[in-house]
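Asks: Sequence and predicted structure, then a few things I'm wondering about:
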Amino acid sequence: MSVHDTAVSQDKMDRPLKKKKTVWDTPYPWLIPLLVILTAVFLYPIIQIVHLSFTDANMIQIGHDYTFESYLRMFTLPGFIPMISATGFFVFFSVIFQLICGFIIALLIVQGEKMKLRGTVVVRTSVLVAWAIPGVIIGVIWGMLYNETDAGIINYMLGIAGIGPIPFLSDPTMALLSVTLANIWRGTAFSMILMYAGLKTVSKDLIEAAIIDGANGFQRMKSIILPAMAPIMLVNLIIISIDTFNTFDMVMALTSGGPGNSTEVIALSIYTAIFREFNLGEGAATAVMLLIINVVMTIIYLKVLGRRGQVE
């Protein structure tokens, strides 16, 4: 054996033995508890809801038969079109005004910070209070405001001015408007948070350059701020749309879907069908419809995030 071969052999002996990589050396085993929890509290209930939607199950009788009657009944009930109309009105105007109000409040706060005005932190905190309060409590609070007796705060103030009383919750049209207004107040806080974060990322150099070029406030808003804010506005739009579609706690506490079914949105209809009428099949079918809406909105949201990542 040559000196070179001896050196190579000695080098191989000195090297540490490489440990064979196993599945336990990967992060996948650490995800098993998460997968178990997600399956137990998320995936399994979804499968059960889809399963029940194809049955005539209820909470009174034992056993069930497989049928499409739940879906046929859901689409043919007289209250289906009013429910879709109420949900569409509730979601559309809630989302639009949450975006607008959130943007305006965020813009005012940013301008106040630039002018070094005191109280901007207090304003941000006050707006965030609405986001932290549970929906049921918000429904109770707005119920006190809308009360049509002398105890109603808004009608009392209008009475002093010689106006009213206004049937905020007893008139079907006014009730839907009142519920939508309460939801706008509730959801504006979240929009303000996202809009505020987006405004803080707008390039100050571009704004200063536009000011030097003689652009007024409207031109700066149109050509610089809004284009820069467009991605976060779209993400905000999708998130609050999903959240509004799933709102039922505030509506339940405020009107319980009444008067009649004028304020019965999809999420509240699910609660009513299952826990008041004890109809699991019909409630599950309505839940599947809402699930499909949420899945579509989530896919759009993920695509938006993917496009933002590619642009960045």
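Replies: Noted; the coordinates are in hand. If you're wondering where the values come from, they're calculated on a predicted model, not measured in any experiment.

Asks: Leaving out sequence neighbours, find the closest residue to Leu194.
Replies: Asn236 (4.5 Å; CB to CB, 6 or more residues apart in numbering). All C-beta atoms are positioned from the backbone trio N, CA, C, and that covers glycine.

Asks: Tell me who's in contact with that neighbour.
Replies: Leu99, Gly102, Phe190, Ser191, Leu194, Met195 (CB atoms under 8 Å, 6 or more residues apart in numbering).

Asks: What is the burial count for Gly119?
Replies: The tally of other residues near Gly119 (other CB atoms under 10 Å) stands at 10.

Asks: Now for it: which residues touch it?
Replies: Gly119 neighbours (CB under 8 Å, 6+ apart): Gly112.

Asks: Please apply the same query to Gly159.
Replies: Gly159 neighbours (CB under 8 Å, 6+ apart): Asp150, Pro165.

Asks: Try it again at 10 Å.
Replies: Asp150, Gly152, Pro165 (CB atoms under 10 Å, 6 or more residues apart in numbering).

Asks: thought the second one was touching Met144?
Replies: Yes. With contact taken as CB atoms under 10 Å, Gly152 and Met144 are classed as touching, separated by 7.3 Å.

Asks: Need the three-state assignment for the residue nearest to Leu194.
Replies: Of the three states, Asn236 takes helix under DSSP: H, G, I helix; E, B strand; the rest coil.

Asks: Ok, Gly164 next?
Replies: coil.

Asks: Which secondary structure element is home to the residue nearest the centre of the chain?
Replies: For the chain, the residue nearest the mean C-alpha position is Asp243 (2.2 Å; CA atoms, centre = their mean). According to DSSP states H and E, Asp243 maps onto helix 226-245.

Asks: returning to that earlier point: can you lay out the contacts of Asn236 as TSV showing distance to Gly139, neighbour count and secondary structure?
Replies: Below are the contacts of Asn236 laid out as TSV (distance: CB to CB, whole Å; neighbours: other CB atoms under 10 Å; DSSP: H, G, I helix; E, B strand; the rest coil):
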residue	distance to Gly139	neighbour count	secondary structure
Leu99	23	19	helix
Gly102	21	25	helix
Phe190	18	19	helix
Ser191	20	28	helix
Leu194	24	21	helix
Met195	26	26	helix
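
Asks: in the chain, which segments are predicted with low confidence?
Replies: Residue ranges of the chain with pLDDT under 70: 1-21, 23-25, 305-312.

Asks: rerun at 50
Replies: 8, 311 (pLDDT under 50).

Asks: Need the contact partners of whatever helix or strand comes next after the helix holding Asp243.
Replies: Proceeding N to C from helix 226-245, the next assigned helix or strand is helix 249-254, under DSSP H and E. Here helix 249-254 makes contact (CB under 10 Å, 6+ apart) with 86, 90, 133-143, 145-146, 168-169, 175-176, 178-180, 182-183, 186-187, 257, 263-265, 267-268, 271-272.

Asks: ok, Asn188 - contacts?
Replies: Just so we're on the same page, residue 188 is Thr rather than Asn. Residues near Thr188 by CB under 10 Å, 6+ apart: 94, 97-106, 127, 130-131, 195, 240.

Asks: thought Arg73 was touching Gly283?
Replies: No. The criterion here is CB under 10 Å, and Arg73 misses it with Gly283 at 11.1 Å.

Asks: Looking only at neighbour counts, state which of the two leads.
Replies: Between Arg73 and Gly283, Gly283 has the larger neighbour count (other CB under 10 Å), namely 27 against 16.

Asks: Could you name the specific helix or strand carrying that one?
Replies: Using DSSP H and E, Gly283 sits within helix 280-311.

Asks: by contact count, what packs against that helix?
Replies: The contact analysis (3 or more CB pairs under 10 Å, 6 or more residues apart in numbering; DSSP states H and E) places helix 280-311 against helix 44-53, helix 69-76, helix 80-114, helix 226-245, helix 266-271.

Asks: Next, the angle helix 44-53 makes with it.
Replies: Here the directions of helix 280-311 and helix 44-53 differ by 130 degrees (axes from the mean of the first three to the mean of the last three CA atoms, to 10 degrees).

Asks: chain center to helix 280-311, what's the gap?
Replies: Its chain's average C-alpha position is 11 Å from that of helix 280-311, according to CA atoms, centre = their mean, to the nearest Å.

Asks: now stretch 38-49
Replies: 20 Å.

Asks: Ok, stretch 33-42 next?
Replies: Averaging C-alpha positions (CA atoms, centre = their mean) puts stretch 33-42 22 Å from its chain's average.

Asks: Which of the contacts of Thr188 are buried? Put it as a ChimeraX command.
Replies: Applying 16 or more other CB atoms under 10 Å to the contacts of Thr188, the buried members can be selected in ChimeraX as follows:
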select :94,97,98,99,101,102,103,105,106,127,130,195,240
